[in-house]
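J.: task: produce atomic coordinates for the following.
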Amino acid sequence: MTTVSDHQGERESAAEPDRSKQPGRKPSRAGRDLPAAIGVGVALGAAILGSLFTVRYLFIGVIAAAIVVGTIELAGAFRRAANVRISLVPVLVGGQAMIWLAWPYGQEGALTAFVVTVLACLLWRLPSGADGYLRDVSASVFAAAYLPLFASFAAMLVPPEDGVGRVLSFMIVVVACDTGGYVAGVLRGKHPMAPRISPKKTWEGFAGSLTAGITGGALAVVLLLDGQAWQGVLFGAAIVVTATVGDLMESLIKRDLGIKDMGNTLPGHGGLMDRLDSLLPSAVVSWLLLSAFVPV
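T.: Modelled structure (predicted):
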């Protein structure tokens, strides 16, 4: 499961050392271990496709597992870098409730579970006293919204009869814009897009993402969902924009914390959260647009 977060070779310099310079590693022009990154991406893609083409509801399990890992990584990064303590148990339990209740009950189930999770976070932090209460609770609510609530929209793509096509359309556009942006950014990238946030992200890379994402969106919506080409074009463009914004938002979080990656779970990629940054907001937009363009 790759995302646009490194589609232009982005691995912002921060407090951690540059792993591409470690002995035994041959860095790519993007500054990452490209063979390891490709291997991990293939393995994640195989897990996604395997779930979709056997029993498609297994994909919800893949989402749920990814959110557990991502939440633990985010909580660990907040604690180590800023001594901010996310209420991990309520966020993990409530997060699973959001994702699994989105299957039978849709957005009402996910929102209800989110509200209960927020209440649980408020109560969970009470015994630790007033010092840092607002800070920790705010971080917990942020984590609950950013990961499981956003991910529940990916789960809501699954239940319709054409759910496999909806999920594949979402994933195809993300992979297409990641690949197009990575190639264009590495080969042509010269003009920084947001130098204060992500110095290696370029407008040339964004143009590559946009071209590939629109192409992938048009083909996916027409061939997999029997939609119109113009709908696919809008879908692809919207996902590229939200994926890029999602990537920049996580870059700001990491810069604020003074870290390079959220974790080291995935060789060549960093943490799983570093792969989810663009997928999470894109899942929300995918559900909204596909629900409008291709009604159930």
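J.: lowest-confidence helix or strand of this structure?
T.: Least confident element among the helices and strands of the chain, by mean pLDDT, DSSP states H and E: helix 34-52 (a mean of 77).
J.: same for the helix or strand following that one, what does it pack against?
T.: Moving toward the C-terminus from helix 34-52, the next helix or strand (DSSP states H and E) is helix 58-82. Using 3 or more CB pairs under 8 Å, 6 or more residues apart in numbering; DSSP states H and E as the contact definition, the elements that helix 58-82 packs against are helix 34-52, helix 88-124, helix 133-144, helix 150-155, helix 229-257, helix 273-276. C-beta: built from backbone N, CA, C; applies to glycine.
J.: got CSV for those helices, with mean neighbour count and distance to residue 199 too?
T.: Below are those laid out as CSV (neighbours: other CB atoms under 10 Å; distance: least, CB to CB, whole Å):
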stretch, mean neighbour count, distance to residue 199
helix 34-52, 16, 20
helix 88-124, 19, 32
helix 133-144, 19, 25
helix 150-155, 27, 26
helix 229-257, 21, 10
helix 273-276, 27, 17
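J.: quick one: closest of those to residue 60.
T.: Closest to residue 60 of those is helix 150-155 (CB to CB; 4.8 Å).
J.: what's that closest one packed up against?
T.: By 3+ CB pairs under 8 Å, 6+ apart, helix 150-155 packs against helix 58-82, helix 88-124, helix 279-293.
J.: would you mind writing the CA trace of it as CSV?
T.: Provided in CSV are the C-alpha atoms of helix 150-155 (Å, rounded to 0.1, in the frame of the first residue of the first chain):
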residue,chain,number,x,y,z
PHE,A,150,-11.3,8.6,8.6
ALA,A,151,-10.5,4.9,8.0
SER,A,152,-14.2,4.0,8.6
PHE,A,153,-15.0,5.7,5.2
ALA,A,154,-12.7,3.1,3.5
ALA,A,155,-14.7,0.4,5.3
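J.: touching it from outside, list them.
T.: 59-60, 63, 66-67, 95, 98-103, 107, 110, 167, 170, 276, 279-281, 283-284, 286-288 (CB atoms under 8 Å, 6 or more residues apart in numbering).
J.: please repeat the previous calculation with a cut-off of 7 Å.
T.: 60, 63, 67, 98-99, 102-103, 110, 280-281, 283-284, 287 (CB atoms under 7 Å, 6 or more residues apart in numbering).
J.: now do stretch 200-215
T.: Residues outside stretch 200-215 that contact it (CB under 7 Å, 6+ apart): 4, 7-10, 173, 176-177, 179-181, 183-185, 188-194, 233, 236-237, 239-240, 244.
J.: in strands, which of those residues fall?
T.: Judged by DSSP state E, strands contain the following of the contacts of stretch 200-215: 192-194.
J.: residue 294: which of those is nearest?
T.: Each of the ones in strands among the contacts of stretch 200-215 was checked against residue 294 using CB to CB; the closest is residue 193, at 31.6 Å.
J.: can you give me the distance of the residue nearest to that closest one when sequence neighbours are not counted to residue 169?
T.: Sequence neighbours aside, residue 201 is the residue nearest to residue 193 in space, at 4.6 Å (criterion: CB to CB, 6 or more residues apart in numbering). To residue 169, residue 201 is 25 Å away according to CB to CB, to the nearest Å.
J.: same question for residue 207.
T.: In this structure, residue 207 and residue 169 are 22 Å apart, going by CB to CB.
J.: residues contacting the residue nearest to residue 61 when sequence neighbours are not counted?
T.: Leaving aside its chain neighbours, residue 61 sits nearest to residue 51 (7.1 Å; criterion: CB to CB, 6+ apart). Contacts here follow CB under 7 Å, 6+ apart; on that basis residue 51 touches 58-59, 62.
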